[in-house]
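Undergrad: Quick one: sequence plus predicted model below, questions after.
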Amino acid sequence: MDEELILTELDFKAVRSSGPGGQHANKTATKVELSFDVANSKALSENEKNRILKKLSGRINKEGFLKMSNEDSRSQHTNKDVVTENFLFELKEALKRPKPRKKTKPTKASKVKRLKAKKKKSEIKANRKDPLK
């Protein structure tokens, strides 16, 4: 993953932010929407593209664009920085390989403990029965 090349492939669009804000919100476009074309990216290998498409499928639309937005701040520049930071974090998380699971065997002590618990439980249940039958 070439982070510098990815940053050049990002498309930003500023739109009006929702919610209260008075006159300032009515005349400025502070919400920033980021879109990234995963399938046509030159910064990612085919393997990385497939991994991202699989892991971030909820954020990717039918055209293959990964969309993110931010409107937390009243500053467009701050929102742009935050959405870019979040995008890079999500990308890195999606590309992380999970650690392979190591198979382990139960210890001898845990086997004995389990068998003792089963024996005790069966004795409790056996004592519930009517002795005359």
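TA: Structure's in. What do you need?

Undergrad: mind checking pLDDT for K133?
TA: Here, the pLDDT recorded for K133 equals 66.

Undergrad: Could you do N127 as well?
TA: Looking at N127, its pLDDT stands at 90.

Undergrad: Any figure for the gap between it and K113?
TA: Between N127 and K113 the distance, using C-beta to C-beta, to the nearest Å, works out to 22 Å. Any C-beta I mention is one placed from the backbone N, CA and C, and that applies to glycine too.

Undergrad: of these two, who's got more company?
TA: With other C-beta atoms under 10 Å as the criterion, N127 and K113 differ in neighbour count, and K113 comes out ahead with 12 against 8.

Undergrad: Pull the distance from the helix or strand hosting the more buried one to the chain's centre.
TA: Secondary structure here is read from DSSP states H and E; on that basis K113 sits in helix 108-128. Between the mean C-alpha point of helix 108-128 and the mean C-alpha point of its chain there is a distance of 42 Å (C-alpha atoms, centre = their mean, to the nearest Å).

Undergrad: Show me what counts as buried in it.
TA: Under the neighbour-count criterion of 16 or more other C-beta atoms under 10 Å, helix 108-128 has nothing buried.
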